[in-house]
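Q: One predicted model, sequence on top.
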Amino acid sequence: MFLERNPYYFKVDPEGNQLPYLDGVQNFLVNDLETGYLKIFAGDVDVEFACCDNPSHFRINEDVGGYRTTPAFGSPGFVTTIYFNLTHENPAVREVFLYRRFRVALSVAMDRDEMNEVFRDGLMVVSNAAPADGPRTTARRGSISPTRAMTPVWRISCWTR
Amino acid sequence: MNLKWGANRETRWLPDGSPAQFVLMARTDLRVSDVPMLEMLQQDWKAVGIDISINPREAAFIAERVAANKFDMFTGDGTFGGGVRPTRLGVRGSMVPSNPVSWNQASPGWTRWVHSDGAEGVEPPADFKRLYQLYRKFLLETDEGARIALKTRCLPFTLKTCGSSWC
């Protein structure tokens, strides 16, 4: 899919230059993430936002692909959150899932720090799936959560060529 | 977690006497590393007697199952009640029951109930109803300060009623 520059776009930059600067953007549609990553590694991509997979995978291929990897910080949402079906059709399962302490127990039982180290190069902020405090680039642990339960990883990072 | 262990001390039992075994649908379209990371989680939960099998799936499949209320648990990304934008609420991925077909909410029965005025779905607890009322007020509010205040009031309700693992 190719997005072509609109020469009649109404905005200009502070110097009066017509926007947008780019003549166009070519998007590659791929069937799966692995295929997309291979295109990055091969140097076929100019810019890519890769949310939260191990940055080391991208870094080790920088020389081959002729790109560079830089961290960036996006919306302080939470990733890989586990959602339980609180309206489960099976009454026994529903009763258990609705029991808040059951969910808290499972949350405490997971080793988020290890997950962060192994699968996110330790770069993520381990935190609640809860509102973040602070500005979007420095937001850390949610301040409202009543428990120490946390999601495995939290901060969105991206790597761009 | 208030569930008794089975005789083999490997899996806990649900109140109906069946083993605590669940299927976790894991999204494959977000990150390559999610499924192997969840396999680590699988071991953590196995140690406390909860047996999950991981079912890697793309978003469309999960959305279909959630809409049909045919699932145990799933993974997803999200923002908490609209993320960092204080005047925004109920975007996809939030805990607010903003949309009857939004699948990133773990209570499809409750969401259907509030959106159908009780004609469909499962009657939710009072907290969830209150959250939906606040959300409706939020939609009609045009003053920025009032929207922020309403959103602030929503957050404790979402903390109580959402279904993610931290609650």
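A: Received, thanks.

Q: After whichever strand or helix holds A:Ile82, which helix or strand is next?
A: Applying DSSP states H and E as the criterion places A:Ile82 in strand A:78-84. Going down the chain from strand A:78-84, the next helix or strand is helix A:91-98, by DSSP H and E.

Q: Mind checking what secondary structure whatever residue of chain B ends up closest to chain A has?
A: As assessed by Cβ to the nearest Cβ, chain A sits closest to B:Gly109 within chain B, at 2.8 Å. Where you see a C-beta, it was placed from the backbone N, CA and C, and this is true even at glycine. Put simply, B:Gly109 is helix when judged by DSSP: H, G, I helix; E, B strand; the rest coil.

Q: which ones are touching the residue nearest to it when sequence neighbours are not counted?
A: Of all residues not flanking B:Gly109 in the chain, A:Thr87 sits nearest, at 2.8 Å (Cβ to Cβ, 6 or more residues apart in numbering or on different chains). Each residue near A:Thr87 by Cβ atoms under 8 Å, 6 or more residues apart in numbering or on different chains is listed here: A:Arg94, B:Asn69, B:Ser107, B:Pro108, B:Gly109, B:Trp110, B:Gly121, B:Val122.

Q: per-residue confidence for residue 37?
A: No chain was given, so I picked chain A. pLDDT recorded at A:Tyr37 is 86.

Q: that's the wrong chain, I wanted chain B
A: 90.

Q: My read is that it contacts A:Val118, right?
A: Yes. Contact status for B:Met37 versus A:Val118: in contact at 7.3 Å, counting by Cβ atoms under 8 Å.

Q: So between those two, which is more surrounded?
A: B:Met37 (25 against 15; other Cβ atoms under 10 Å in any protein chain shown).

Q: so which one among the contacts of A:Thr87 has the lowest pLDDT?
A: For the contacts of A:Thr87, the pLDDT minimum is B:Ser107, 78.

Q: show me where chain B has helices.
A: Assigned by DSSP state H, chain B shows helices spanning B:34-47, B:59-67, B:108-115, B:126-140, B:144-161.

Q: So which of those has the densest surroundings on average?
A: helix B:108-115 (a mean of 22; mean count of other Cβ atoms under 10 Å in any protein chain shown).

Q: Just list what that helix packs against, helices and strands only.
A: helix B:126-140 (3 or more Cβ pairs under 8 Å, 6 or more residues apart in numbering or on different chains; DSSP states H and E).

Q: Run the chain-centre distance for the helix it packs on.
A: 17 Å (Cα atoms, centre = their mean, to the nearest Å).
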